[in-house]
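In: With the sequence up front, the predicted model follows.
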Amino acid sequence: MSVILTNQSYGKSQVCLSYVTRRDGIHDFIQITVDVALEGDFHAAYLEGDNSNVVPTDTVKNTVYAIARIHGVESIESFAQHLAKHFCKTYPQVDSTTVSISQTLWTRVCRDGASHDHAFVGGSNERNTCRVVATNDSLLMHSGLLGLQVLKTTESGFVGFSKDQYTTLAETTDRIFATTITADWPCGDPTLDWTQIRDTVRGCLLDIFSNRYSPSVQKTLHEMAEAVLEECPQIDEIALKMPNQHHIPADIAKLGLENNNDIFVPSPEPFGVISATIRRVA
Ligand SMILES: O=c1[nH]c(=O)c2[nH]c(=O)[nH]c2[nH]1
């Protein structure tokens, strides 16, 4: 039988690192999980068992910590950039390196308006994300966030949809809207303040979600993306994914009781999946 190796990459996943910055007794804390994938001239390892070009994934893991020591972790984007460039610069057999980072969020403890110097609160599933793809002469960067879980108890409806013999969904102009937002946007310019841009994006997403009537997840998603592109001239495109996490009115009529639109069954599955990419046109 004749076969062909059409593509290959390898690396290390889920490398966890925590990083403390100390400035005048005030500490910052960043916790990240890093995935690194290398592409390049590794064919001989697959085809002949020749490992001479293979940078062990164990070395890849160690390099994550070494680059943190050398360059620091000022932002996930700057760290991903240093790490991705390192493999391309160091190993001629590496054509391209993809570094994906997910940041676990810790917020400073605040009491009576004062932020604590070195104590933080965690616990949310929200993550900041980035993905960098580097070669020796190109750099592709994306920033993002995921796990931003939001819900509103009114100002959402869904009417006028297509109906056929299988449609049972009732029209409503007052329903619960719950979703967990994933957002991803290209952010190639190395002069950008990625952290500040992410804060603005997050603010726009929450503002539109909270303060505009939603005739569908689709329309709200589009309005959220439009607001981001309007507020952030540095971003030309944003991809959003917003599952529709249904809270279905409980059928208590069969119990002889009336549902006043206040008793719901949270329904984790199945769930609607709504996603789109919206781009600025000149
Ligand atoms: O906002 C919505 N969009 C849909 O496409 C859809 N489909 C559905 O059953 N409920 C909803 N809600």
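Out: The structure has been received and is ready for your questions.
In: Quick check: residue 150 vs residue 268, distance?
Out: Between residue 150 and residue 268 the distance is 16 Å, computed by CB to CB, to the nearest Å. (Each C-beta comes from the backbone N, C-alpha and C, glycine too.)
In: Spell out which parts of the chain neighbour the ligand.
Out: Within the chain, the positions adjacent to the ligand are 158, 169, 216-218, 244, 272 by CB under 6 Å from any ligand atom.
In: 8 Å instead, please
Out: Contacts of the chain with the ligand, taken as CB under 8 Å from any ligand atom, map to 156, 158, 161, 169, 177, 214-220, 244, 246, 272, 274.
In: quick one: the strands in this structure?
Out: With DSSP state E, the ranges of strands along the chain come out as 10-23, 26-40, 94-104, 107-111, 114-121, 127-134, 139-152, 177-186, 237-244, 247-249, 264-266, 272-279.
In: Of those strands, which is nearest residue 197?
Out: Closest of these to residue 197 is strand 139-152, at 6.8 Å (criterion: CB to CB).
In: Restricting to C-alpha, output the closest one in CSV.
Out: Extracted in CSV, the C-alpha atoms of strand 139-152 (Å, rounded to 0.1, in the frame of the first residue of the first chain):
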residue,chain,number,x,y,z
LEU,A,139,3.6,36.9,12.8
LEU,A,140,-0.1,36.3,13.0
MET,A,141,-1.8,37.3,16.2
HIS,A,142,-5.3,36.9,17.7
SER,A,143,-6.6,38.0,21.0
GLY,A,144,-9.8,36.8,22.6
LEU,A,145,-11.9,35.8,25.5
LEU,A,146,-14.0,32.8,26.4
GLY,A,147,-16.3,31.6,29.1
LEU,A,148,-17.9,35.1,29.6
GLN,A,149,-21.2,33.8,31.0
VAL,A,150,-24.1,36.3,30.9
LEU,A,151,-27.9,36.1,31.5
LYS,A,152,-30.7,38.6,31.4
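In: Remind me what that strand packs against, helices and strands.
Out: Judged by 3 or more CB pairs under 8 Å, 6 or more residues apart in numbering; DSSP states H and E, strand 139-152 is in contact with helix 76-90, strand 127-134, strand 177-186, helix 194-211.
In: Out of those, flag the one nearest residue 6.
Out: Among the helices and strands packed on strand 139-152, the nearest to residue 6 by CB to CB is strand 127-134 (19.1 Å).
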